[in-house]
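Asker: make a model of this:
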Amino acid sequence: MRLPEPRGPLSDALASDLATRSSLSATTLDRAERVAAAPSGALTDDDLQLSLAIAYELHYRGFDGVSEDWEWDPELLRVRAGLERRHLAALRQLVGPLSVTDEPIDRQITALIDADDSPSLSAFMAKRGTLDQWREYLTLRSVYHLKEADPHTFAIPRLSGRTKAAMVEIQADEYGGGSAARMHSELFAGLMRDLDLDAGYGALWDTAPAAAFASVNTMSFFGLHRRWRGAALGHLAAVEMTSSEPSRRYSSGLRRLGYDERTTVFYDEHVEADAVHEQIASVDMCGSLIAGEPDLAADVLFGAAASLAMDGLAARHLLGAWEAGRSGLYRDRALAA
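Answerer: Now for the predicted structure:
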């Protein structure tokens, strides 16, 4: 994977340092302080979200021409921490206040899902999505789905007992149950190729909007911090509990455009798998976590609410752009018009 094209002063300086230096420059440190101190708009700030995604990607597959020594560079970690604080503050504001009750945690997560009033992107794609809009949607989702399961998997070593076993059971299915061809990331890559998109890992970063990075950065933040292990599990539970029926609608939308089961297999797989994962995630995984660590209930709910909120952010971004007759991608391509 190559370093992406910069989207502002910080990502420009950061990418230059990673490619040409062994330590961060004073310019990068100064720009990072300025971005971290900005008052609002973190989740839609292309420069911040891309810079944070670059810092996190060093923990995934890294970049061509970038030394692997950067992964644990102390100065870079301090820069990342400043961006994380602004991202977290914006996420808290987006999610709003949450109340923990005496109800079982699975019921509390269900209540959050039932109360979510985000627009349904899957309903739009099922009934009205054009081929160009499908390509834009897949471009946005490729930032996550080409590394599907990886952000959540970071949380596994931070767990124990029944909680860990339940999460491993879910993740094993995400990774194809031992079959590389059945890995969900590979199924998504096949879907992209069928719609004439470049399915290379990270290939579409330069056109994906900030909402795509904000969503994955949220998962990476939760997964990479032991402090936020509860939120990582809540986020995963919400994903599993809300994907079965939307996946059915996405599959229907592709079939409406003339694609068959070879293309829809990614969504068809989620219809079946996530219907099973729902109970494992909410009861076995989150339920057992809270049974052992009841103080993490608020974090679990925050993670679940963050998952719903970020999906809503992406849906509003794309649907708003398409309603205005313009592309929802970062670069101005009138695909949707």
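
Asker: how about the closest residue in space to Leu83 that isn't next to it in sequence, secondary structure?
Answerer: If the residues on either side of it in the chain are set aside, Leu83 comes closest to Leu52, at 4.7 Å by Cβ to Cβ, 6 or more residues apart in numbering. From N, CA and C alone the C-beta is placed, and that goes for glycine too. The local conformation at Leu52, judged by DSSP: H, G, I helix; E, B strand; the rest coil, is helix.

Asker: how much space between Leu52 and Ile280?
Answerer: Per Cβ to Cβ, to the nearest Å, Leu52 is found 30 Å from Ile280.

Asker: likewise Ala19?
Answerer: Taking Cβ to Cβ as the measure, Ala19 and Ile280 are separated by 43 Å.

Asker: more neighbours: which of those two?
Answerer: Neighbours per residue, other Cβ atoms under 10 Å: of Ala19 and Ile280, the larger number sits with Ile280, 20 against 14.

Asker: these two touch, right, that one and Gln171?
Answerer: No. With contact defined as Cβ atoms under 8 Å, Ile280 and Gln171 do not form a contacting pair (10.7 Å).

Asker: for the chain, what's the longest helix?
Answerer: Ranked by residue count, the top helix of the chain under DSSP state H comes out as helix 297-323.

Asker: buried stuff in that helix?
Answerer: Residues of helix 297-323 classed as buried: 297, 299-315, 317-319, 321-322 (neighbour count, 16 or more other Cβ atoms under 10 Å).

Asker: same deal with stretch 168-177?
Answerer: Ile170, Gln171, Asp173, Glu174, Tyr175, Gly176.

Asker: distance of the spatially most central residue of the chain relative to Arg61?
Answerer: In the chain, the centroid-proximal residue (Cα atoms, centre = their mean) is Val216; its distance is 2.8 Å. To Arg61, Val216 is 13 Å away according to Cβ to Cβ.

Asker: cool, Trp205 as well?
Answerer: Taking Cβ to Cβ as the measure, Trp205 and Arg61 are separated by 12 Å.

Asker: which one of the two has more residues nearby?
Answerer: More neighbours sit around Trp205 than around the other of Trp205 and Arg61, counting by other Cβ under 10 Å; the figures are 22 against 12.
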